[in-house]
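Q: dropping the sequence and predicted coords here.
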Amino acid sequence: MTSPTLPLGTRIAILARLFTLQGSYNYETMIGNGIAFAMEPALRLLPGGATGAAYREAMARESRYFNCHPYFAGIAVGALARAELSLEAPDRIERFRTASCGPLGSVGDRLVWAAWLPLCSLIALVAFGLGLGAPLVVIGFLALYNAGHLALRIWGLHAGWRDGLAVAHALGAPIFRTGPAHLTRAAAFAAGLGFPLAIGTAAGVTPTGVLIIGGIGALGALLLALLHGRVAGWRAAIGLLAVAAAIAVVVR
Amino acid sequence: MIELAGFLTLVLAGALCSLDTVSLLQAMVSRPIVSATIAAALLGRPEDGIVVGAVLELFAIETLPFGASRYPEWGSAGVVAGATYLVGGADVAGSLAVATLAGLATAALGSSSMVWHRRVIAQLALRLRGPLDAGSGHAVARLHLSGIVSDFGRGVIVTAVALLVSLGVTQRLLSAWQVGYGPSVAWPIVLAVAVGGATIARSARSAPRASWCFAAGAALGLGLVFAR
């Protein structure tokens, strides 16, 4: 078995392409085409280059169905690139592709979409509620969120390339097991802190006004929570706001 | 009212923000607290735009982009809401409610358009099946770049249509608005707190002691509100 190397320029090209990973997202192959597009600079290093049979076979294999969290796709791309350049057997590569979709999706969803993003969003609401200027709130939110985002992308590609098809153990790192719960607790604290502050700033009302708006909102939250997600709150709000607007222009 | 150049700039901003939702970067420029502020900054008043952006952000917490699930598209929605709020006037009764409604409706339109767009890409992938199965790098790149360009086009259409409708009706709605400023501002915020609060309550169940963390944060937050 050969031990391939990945030149820095190729690594940077792959990383740059990972930021467009979902460009051809569709319900048939999901991000499969994006995986092949991101990995393509590495596959040019196969024997025969970009016109060789090995390149074509690898591109055909890698552009098939694949799905995972976009920030964690770097792990798959790094591991698969190493496997392809090591000339691993195609059935081993196929097995890895099939087996890695679930873990790379669920770990990413729990850590990023369900924990890191809401936390950053709620911290931005705290900053807004404290009266920090709009540029500071927006730049602070983007800087905080993308510090985690960029770190994950860079680490993922590095870990995938380093460990190849044995990369699964990297997903057992403590941050992926206990991180979401810590981030959820931090988000809950930020929500408790941010809601009254944001209500006060957005509505421009007195503390009593904050209590009234927050109290009615809490009752609405309780009602929605009791419905256990059967109603999408944002969709229901469209109807309620439309009715309120209709009443507001008709009733004297 | 907004001039043509301003309108086109907003459409471009909406399309770029919507591109961030899925196809490019995913750096969360598409979050409403960012995109609404960008729209308002383009019109010269970012401090007003962030108000409607913050309200929409509470709704956006409920809708996270999990896998292939259907979720709203907040990039163009934030731009439309920010522009609508500024055209209506931050100190005008009903302006926040109308801007929030415009943002939510645009998010729904964007959601449907993303489903349509994904089907279009699947059709293109089907047409390119032969070269893709043969391992053509050109076919992979063509499908990928077509997806990004058409997603940009989708963002242009969604933002332009939503802006035209929203800017067309906002002034008429607000000139006929009969309810006072206080209740008109409170109503969208109450809904946003209800939706965002329900989401926090659901997620808090997944982590031990998260409810206590919320209570501690709320005590501190209310203390700060009363101390001001």
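A: Received, thanks.

Q: where does chain A dip in pLDDT?
A: A:1-2, A:252 (pLDDT under 70).

Q: do that again at 80, thanks
A: Applying pLDDT under 80 to chain A flags residues A:1-2, A:228-229, A:252.

Q: next: chain B.
A: If you take pLDDT under 80 as the line, chain B has these spans: B:1, B:67-68.

Q: show me the helices in it, by range?
A: With DSSP state H, the ranges of helices along chain B come out as B:4-21, B:32-42, B:46-60, B:74-88, B:95-127, B:129-133, B:137-175, B:181-204, B:210-227.

Q: now those in CSV, with mean neighbour count?
A: (Each C-beta comes from the backbone N, C-alpha and C, glycine too.) Below are the helices of chain B laid out as CSV (neighbours: other CB atoms under 10 Å in any protein chain shown):
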stretch, mean neighbour count
helix B:4-21, 21
helix B:32-42, 28
helix B:46-60, 29
helix B:74-88, 32
helix B:95-127, 22
helix B:129-133, 15
helix B:137-175, 19
helix B:181-204, 23
helix B:210-227, 17
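
Q: distance to A:Ile175 added to those, as CSV?
A: Below are the helices of chain B laid out as CSV (distance: least, CB to CB, whole Å):
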stretch, distance to A:Ile175
helix B:4-21, 25
helix B:32-42, 26
helix B:46-60, 25
helix B:74-88, 27
helix B:95-127, 31
helix B:129-133, 36
helix B:137-175, 31
helix B:181-204, 18
helix B:210-227, 18
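
Q: closest one to A:Leu43 among those helices?
A: Smallest distance to A:Leu43 across these (CB to CB): 7.9 Å, for helix B:137-175.

Q: wait, does that closest one contact chain A?
A: Yes. Helix B:137-175 lies within reach of chain A by CB under 8 Å from any CB of the partner chain, at B:Gly137, B:Val140, B:Ala141, B:Leu143, B:His144, B:Leu145, B:Ser146, B:Gly147, B:Ile148, B:Asp151, B:Leu173.

Q: what's the closest non-adjacent residue to the most centrally placed residue in chain B?
A: By CA atoms, centre = their mean, chain B has its centre lying nearest to B:Trp74, at 2.2 Å. Distance criterion CB to CB, 6 or more residues apart in numbering or on different chains; nearest residue to B:Trp74, sequence neighbours excluded, is B:Pro32 at 4.7 Å.

Q: contacting residues for that neighbour?
A: Applying CB atoms under 8 Å, 6 or more residues apart in numbering or on different chains to B:Pro32 gives the contacts B:Val52, B:Gly53, B:Leu56, B:Glu57, B:Phe59, B:Ala60, B:Trp74, B:Ala77, B:Gly78, B:Ala81, B:Gly103.

Q: cool, and B:Val120?
A: Contact analysis of B:Val120 by CB under 8 Å, 6+ apart lists B:Ser150.

Q: likewise for A:Glu62?
A: Contacts of A:Glu62 by CB under 8 Å, 6+ apart are A:Gly32, A:Ile35, A:Ala36, A:Met39, A:Leu43, A:Leu80, A:Glu84.

Q: how much space separates the fourth one from chain B?
A: To tie it back to what came earlier, the one meant is A:Met39. With distances taken as CB to the nearest CB, to the nearest Å, A:Met39 is found 10 Å from chain B.

Q: what angle separates whichever strand or helix holds that residue from helix B:95-127?
A: If you go by DSSP states H and E, A:Met39 is part of helix A:32-43. For helix A:32-43 against helix B:95-127, the angle by axes from the mean of the first three to the mean of the last three CA atoms, to 10 degrees is 70 degrees.

Q: contacts for helix A:32-43 next, please.
A: A:6, A:10, A:13-14, A:17-18, A:20-26, A:50, A:55, A:58-59, A:62-67, A:73, A:76-77, A:80-81, A:84-85, B:125, B:132, B:137, B:140-141, B:143-144, B:147.

Q: quick revisit: among the contacts of A:Glu62, which ones are buried?
A: Buried by 16 or more other CB atoms under 10 Å in any protein chain shown: A:Gly32, A:Ile35, A:Ala36, A:Met39, A:Leu43, A:Leu80, A:Glu84, out of the contacts of A:Glu62.

Q: from those, which is closest to B:Leu164?
A: Nearest to B:Leu164 among the buried ones among the contacts of A:Glu62, with distances taken as CB to CB, is A:Gly32, at 36.9 Å.

Q: can you tell me the closest non-neighbouring residue to that closest one?
A: A:Phe66 (4.2 Å).

Q: return the distance of the one you found relative to chain B.
A: 12 Å.

Q: neighbours of that residue, just the number please.
A: Neighbour count of A:Phe66, defined by other CB atoms under 10 Å in any protein chain shown: 23.

Q: A:Tyr25 is in contact with that one, correct?
A: No. Contact between A:Phe66 and A:Tyr25 fails when scored by CB atoms under 8 Å: they sit 11.0 Å apart.

Q: A:Tyr145: which of the contacts of A:Glu62 is nearest?
A: When these are compared against A:Tyr145 (criterion: CB to CB), the nearest one is A:Ile35, at 24.0 Å.

Q: returning to what we had before: mutual contacts of A:Phe66 and A:Tyr25, please.
A: Shared contacts of A:Phe66 and A:Tyr25, counting by CB under 8 Å, 6+ apart, come down to A:Ile31.

Q: how far off centre is the helix holding A:Met39?
A: In terms of CA atoms, centre = their mean, to the nearest Å, the centre of helix A:32-43 is found 19 Å from the chain centre.

Q: just the angle for the following helix or strand past it relative to helix A:32-43, thanks.
A: Proceeding N to C from helix A:32-43, the next assigned helix or strand is helix A:53-62, under DSSP H and E. Using the same axes, to 10 degrees, the direction of helix A:53-62 lies 160 degrees away from that of helix A:32-43.

Q: what about dumping the CA coordinates of helix A:53-62 to PDB?
A: Once non-C-alpha atoms are left out, helix A:53-62 reads as follows in PDB (Å, rounded to 0.1, in the frame of the first residue of the first chain):
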ATOM      1  CA  ALA A  53      -8.800   5.700 -16.000                       C
ATOM      2  CA  ALA A  54      -8.100   5.900 -12.200                       C
ATOM      3  CA  TYR A  55      -9.300   9.500 -12.100                       C
ATOM      4  CA  ARG A  56     -12.500   8.700 -14.100                       C
ATOM      5  CA  GLU A  57     -13.300   5.700 -12.000                       C
ATOM      6  CA  ALA A  58     -12.800   7.700  -8.700                       C
ATOM      7  CA  MET A  59     -14.900  10.700 -10.000                       C
ATOM      8  CA  ALA A  60     -17.700   8.400 -11.000                       C
ATOM      9  CA  ARG A  61     -17.600   6.700  -7.600                       C
ATOM     10  CA  GLU A  62     -17.400   9.900  -5.600                       C
END
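
Q: that one: which residues count as buried?
A: A:Ala54, A:Tyr55, A:Arg56, A:Glu57, A:Ala58, A:Met59, A:Ala60, A:Arg61, A:Glu62.

Q: give the next helix or strand downstream of that helix.
A: Scanning onward from helix A:53-62 (DSSP H and E), the first element met is helix A:73-85.

Q: can you tell me if that next one touches chain B.
A: No. Legend: contact between helix A:73-85 and chain B by CB under 8 Å from any CB is lacking; minimum distance shown is 10.9 Å.

Q: mind checking if the very next helix or strand once past that helix is in reach of chain B?
A: Where DSSP H and E defines the elements, the next helix or strand beyond helix A:73-85 is helix A:90-108. Yes. Under the criterion of CB under 8 Å from any CB, chain B is reached by helix A:90-108 at A:Gly105.

Q: that concludes my questions; thank you for your assistance.
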